[in-house]
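# Based on what follows, work out the 3D shape:
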Amino acid sequence: RMSKDYYAGLAVVSVRGDRLNESVFEYVEAGAFVRNRWFKPQVELSSGSLRVGHLAAMDGATIYFENALGREVLSRSSVANIRFQPVPSRYSAPLNQQRTGVLLAGGEFVEGDCRGIEQGRVTVSSVPLGLVHYDVNSEVLAVVLRKRVASGGHAYEVKLNDGSSWLGRELEMERLGV
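Next up, the predicted model:
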């Protein structure tokens, strides 16, 4: 946390001194944390289903998603991992093992118990490191909560416009949805 006020700015310089330059800055954000706008977090369930969307928070029992209608929730007990950035194949091994913890952007895996996510930071209780915090938008590739169950036996896959995909053995069509 900063004890003083700090100022930041954006500047543009013309290549030629006799010409004016016109520039447009897009996707500029300021705040306590700035989330990754180019990758929506992917919450992979133990069953293999995938829920895509920005997380508002996570506690010991529930994952809360941001959405236009308020907070959508998902039981944490059904989640295998949460990917906050694309995970290169060379770093993907910890996603499928028995160990819980955090896969960092440099490929390091910090084994520990994920206590929660709040204001863009994940809190992990690790035996060698104690209670540590990581920025999910820049430092974390994925949070591993439990081992993924081998996919199989799913007769149906429903893909949503947001990128989510739900796997199931049965499918029922209703007037207002699936």
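# Next one: Ser164 from Pro88, what distance?
Look at Ser164 and Pro88: by CB to CB, to the nearest Å, they are 22 Å apart. Backbone N, C-alpha and C define where each C-beta goes, glycine included.
# tell me which element Val12 is part of?
Using DSSP states H and E, no element contains Val12; it sits outside every helix and strand.
# again, but for Trp38
Applying DSSP H and E, one finds Trp38 in no helix or strand.
# how would you label the closest residue to Val43 other than its chain neighbours: helix, strand or coil?
Leaving aside its sequence neighbours, Val43 sits nearest to Arg51 (CB to CB, 6 or more residues apart in numbering; 4.4 Å). When classified by DSSP: H, G, I helix; E, B strand; the rest coil, Arg51 comes out as strand.
# about what we covered before: Ser164 and Pro88: who's more crowded?
The neighbour comparison of Ser164 against Pro88 (other CB atoms under 10 Å) goes to Ser164, with 16 against 9.
# Burial check on Ser49, number of neighbours?
Ser49: 20 neighbours (other CB under 10 Å).
# That one contacts Trp166, doesn't it?
Yes - between Ser49 and Trp166 a contact is recorded at 4.8 Å, counting by CB atoms under 8 Å.
# Contacts only, for the residue lying closest to Arg169 once chain neighbours are set aside.
Counting by CB to CB, 6+ apart, Arg169 lies nearest to Ala155, which is 5.6 Å off, once chain neighbours are set aside. Going by CB atoms under 8 Å, 6 or more residues apart in numbering, Ala155 touches 168-171.
# Compare these and tell me which is most surrounded.
Ranked by neighbours (other CB under 10 Å), the contacts of Ala155 are led by Gly168, which has 15 neighbours.
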